[in-house]
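>>> output the structure for:
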Amino acid sequence: MKSLLKAALFVLPFALVFLGLRWLRGDEAERWRERVLPHCPGAVVGVDEEGLIVVGPDREQAAAAAAEVRDFRRELTRRYADLLGKPRFERMVIVIFPDARRLQAYAGEAARIDRGAAGKLHGYTDPVHGAVFVPADALETLRHETVHWVMETARNPTAPAYSPWLSEGLAQLFETFDALDPRPPKPPRLAVRDVDVDRLLRIQDYGEFLGRDVHRNYEEALALCAFLFETRPKELRAYIDVERTSADARPFAFRKIFLGDEASFRRDLAAFIARAG
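Just a heads-up that it's a prediction; the model follows:
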């Protein structure tokens, strides 16, 4: 009897901690449900498990979102932490809105995103709370937003945001990543014939990136990031470290890291685009 009592006293604290963590996680999921209810009527906690909370209009969509992200996020953070960074959060929150309009309204209120910029969102990431938001008719954007989630939650929240070309280019590249394929991600067929590198580097504001030339900006950002990832991976890692810490040093750092031999860089970039086009 005494040995059983001692065993119980030994196990009890661990059991209480375990139950307490489960309660806190469940409470967090409920707080997210209540937070988005004004813009997502009837929202339910569809998935609440270790490392993942999904809130959405119904449990079926939540389960589909969890299935889309679960292995993808795990392998992405395991295999590419040296490049994309290690997220500060052990769990990820996904909120699915009924449509893009409601997501945009929430973004404008909760994240204080400018109304004009919010109106162009088809998904966005909140790195402060470790959450991503997508509309129900665009669950295919979840992988793209998961890449943003990894990168954004890996940097200090007080540090300047990544350059739009780098953030969006890498998100487009890595959304093609197959968690079951040991090979690195390959970009889809590139839609550009050349990349105006100097122009992309000058765009440090998301409003400008999402402006009149938005399609060109996305296509050129993907081409540039795919080129750097495939042909200059060590230099790309060094440059991302600069982006995580400083905004002012970026143009100088890019030139120093990549354009030491500018003629060779531009020649290799043109050849890469020709092969992938």
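>>> and His39, how many neighbours?
Residues lying near His39 (other CB atoms under 10 Å) number 21. C-beta: built from backbone N, CA, C; applies to glycine.
>>> in this structure it contacts Ala105, no?
Yes. Between His39 and Ala105 there is a contact under CB atoms under 8 Å: 5.5 Å.
>>> give me the distance from stretch 38-45 to the chain's centre.
From the chain centre to the centre of stretch 38-45 is a distance of 23 Å (CA atoms, centre = their mean, to the nearest Å).
>>> pull up the distance across that stretch, start to finish.
Distance across stretch 38-45, first residue to last, is 15 Å (CA to CA, to the nearest Å).
>>> buried residues in that stretch, which are they?
His39, Cys40, Ala43, Val44, Val45 (16 or more other CB atoms under 10 Å).
>>> out of those, which one sits closest to Asp261?
Nearest to Asp261 among the buried residues of stretch 38-45 is His39, at 51.3 Å by CB to CB.
>>> so the closest one, which state does it fall into?
Three-state assignment for His39 (DSSP: H, G, I helix; E, B strand; the rest coil): coil.
>>> ditto for Arg70
Here Arg70 is helix, with the state taken from three-state DSSP.
>>> residue contacts, it?
Leu52 (CB atoms under 8 Å, 6 or more residues apart in numbering).
>>> on that earlier part again, overlap in contacts, His39 and Ala105.
Counting by CB under 8 Å, 6+ apart, nothing touches both His39 and Ala105.
>>> make TSV out of the buried residues of stretch 38-45 and add distance to Glu230 and pLDDT.
Formatted as TSV, the buried residues of stretch 38-45 follow (distance: CB to CB, whole Å; pLDDT from 0 to 100):
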residue	distance to Glu230	pLDDT
His39	40	91
Cys40	40	90
Ala43	41	94
Val44	42	96
Val45	41	96
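>>> now Leu228: phi and psi?
phi -70, psi -40 (degrees, to the nearest 10).
>>> my guess is it contacts Leu236. True?
Yes. Leu228 lies in contact with Leu236 (CB under 8 Å); the separation is 4.4 Å.
>>> who has more neighbours out of these two?
Leu228 (25 against 20).
>>> low pLDDT regions in the protein?
Under the criterion pLDDT under 70, the flagged ranges of the chain are 1-26, 110-120.
>>> can you pull out the strands in it?
Secondary structure of the chain (DSSP state E): strands at 44-49, 52-56, 92-97, 124-126, 131-135.
>>> what's the most buried one of these?
strand 52-56 (a mean of 26; mean count of other CB atoms under 10 Å).
>>> now that one and strand 44-49, what's the angle there?
170 degrees (axes from the mean of the first three to the mean of the last three CA atoms, to 10 degrees).
>>> contacting residues around strand 52-56?
25, 28-29, 32-33, 36, 40, 43-48, 62-63, 65-66, 69-70, 91-97, 136.
>>> recalculate using a threshold of 6 Å.
For strand 52-56, contacts defined as CB atoms under 6 Å, 6 or more residues apart in numbering pick out 29, 32-33, 43, 45-47, 62, 65-66, 92-96.
>>> which among those residues gets closest to Phe254?
Met92 (30.4 Å).
>>> can you give me the helices in the stretch 1-150 of the chain?
2-36, 59-79, 81-84, 100-110, 115-118, 142-154 (DSSP state H, counting those that start in this stretch).
>>> how close does Ala238 sit to Leu224?
16 Å (CB to CB, to the nearest Å).
>>> what about these two, which has more around it?
Ranked by neighbour count (other CB under 10 Å), Ala238 and Leu224 place Leu224 first, with 23 against 14.
>>> now Asp71. Nearest residue, chain neighbours left out?
Closest residue to Asp71 apart from its sequence neighbours, by CB to CB, 6 or more residues apart in numbering: Ala179 at 4.3 Å.
>>> show me what contacts the residue nearest the centre of the chain?
Of all residues in the chain, the one closest to the mean position by CA atoms, centre = their mean is His148, 1.6 Å from it. By CB under 6 Å, 6+ apart, the residues touching His148 are Thr125, Ala171.
>>> now do the one 5 residues further on
For Thr153, the residues meeting the contact criterion (CB under 6 Å, 6+ apart) are Pro87, Arg88, Phe89, Pro127, Gly130.
>>> export those to TSV and tack on neighbour count?
Output for those, formatted as TSV (neighbours: other CB atoms under 10 Å):
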residue	neighbour count
Pro87	21
Arg88	13
Phe89	15
Pro127	21
Gly130	18
